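> Can you look at this prediction? I've put the sequence above it.
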Amino acid sequence: MSAKKPFLTDIENIRRRAREHIDKGAITEGYSADRDAVVKVLNEALATEIVCVLRYKYHYYMAKGIHAKSVAAEFLEHAAEEQGHADRIAERITQLDGTPNLNPEGLLSRSHSDYAEGDDLVDMLKEDLVAERIAIDSYREIIQYLGHDDPTTRRMMEDILANEEEHAEDLSTLLDQLGRKGEPAKPGKSRGTSAPAHH
């Protein structure tokens with residue numbers, strides 16, 4: 001039975017430390033990541049998500065053309081999901097004793113992706129796909145950076161990454177469909193009949 005004693009002592013120590021540092025919220029001595037660096041990285045991800053919400057909302061309102069209704073519905077769904085990501089990231093920042101940076105000033109310089117409006121449905125989809133691919137790459141890097149030092153934040157970012165990959169797949173499928181339909185017929189541009197090539 002004596003083998004259990006060290007474990008019990010550990011539990012007592014953990015409880016004692018927890019009482020000592022109760023004001024630190026979710027941050028315990030077992031947290032091995034660089035908290036300030038993690039908060040900074042998460043604030044960049046937060047800016048990326050907010051810019052994505054705004055871009056998708058703009059595209060939702062500006063979607064025109066024969067196939068606009070179904071694509072606009074996709075834009076609106078993506079906007080809502082990106083807002084959900086932003087909320088989760090902001091909440092995690094506060095758990096880490098950080099401050100979510102929601103200041104519109106400098107939003108684009110903090111964001112990993114751009115706010116690109118696009119001229120028509122195909123342009124909008126392309127801009128969104130580019131932004132999603134940038135987010136996917138940068139989120140993968142964040143996940144690798146976090147490693148085992150902050151598993152809670154890493155799991156959250158893995159969930160968000162999986163959702164961004166779904167968005168990229170949705171946009172790619174829509175682009176293929178519109179390419180085959182030759183939509184949109186834009187003044188001064190020849191109407192394409194073949195689907196865009198996959199890379």
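Arrived safely, thanks for sending. This one's a predicted model, so the numbers in the text were calculated from it and none came from an experiment. Numbering: from 1, shown residues only.
> What strand or helix carries residue 94?
Using DSSP states H and E, residue 94 maps to helix 68-95.
> Just want to check the distance between residue 104 and residue 124.
22 Å (Cβ to Cβ, to the nearest Å). Heads up, the C-betas are built off the backbone N, CA and C, glycines and all.
> Could you give me the buried positions within the next helix or strand after the helix holding residue 94?
Using DSSP H and E, the next helix or strand after helix 68-95 towards the C-terminus is helix 107-110. Of the residues in helix 107-110, 107, 110 count as buried by neighbour count, 16 or more other Cβ atoms under 10 Å.
> can you check stretch 69-86 too?
Result for stretch 69-86 [16+ other Cβ under 10 Å]: buried residues 71, 72, 74, 75, 76, 78, 79, 81, 82, 83, 85, 86.
> out of the residues you listed, who's nearest residue 65?
Checking the buried residues of stretch 69-86 against residue 65 by Cβ to Cβ gives residue 71 as the nearest, at 8.4 Å.
> what packs against the helix holding residue 94?
Here helix 68-95 touches helix 35-62, helix 121-146, helix 151-181, going by 3 or more Cβ pairs under 8 Å, 6 or more residues apart in numbering; DSSP states H and E.
> got TSV for the ones you listed, with mean pLDDT and distance to residue 109 too?
What follows is these, written out as TSV (pLDDT from 0 to 100; distance: least, Cβ to Cβ, whole Å):
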stretch	mean pLDDT	distance to residue 109
helix 35-62	94	8
helix 121-146	92	14
helix 151-181	93	21
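> could those go into a markdown table alongside distance to residue 108 and mean neighbour count?
What follows is those, written out as a markdown table (distance: least, Cβ to Cβ, whole Å; neighbours: other Cβ atoms under 10 Å):
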| stretch | distance to residue 108 | mean neighbour count |
| --- | --- | --- |
| helix 35-62 | 7 | 20 |
| helix 121-146 | 12 | 19 |
| helix 151-181 | 19 | 17 |
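> any chance of those helices in TSV, with distance to residue 99 too?
Listed next are these as TSV, based on distance: least, Cβ to Cβ, whole Å:
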stretch	distance to residue 99
helix 35-62	8
helix 121-146	19
helix 151-181	16
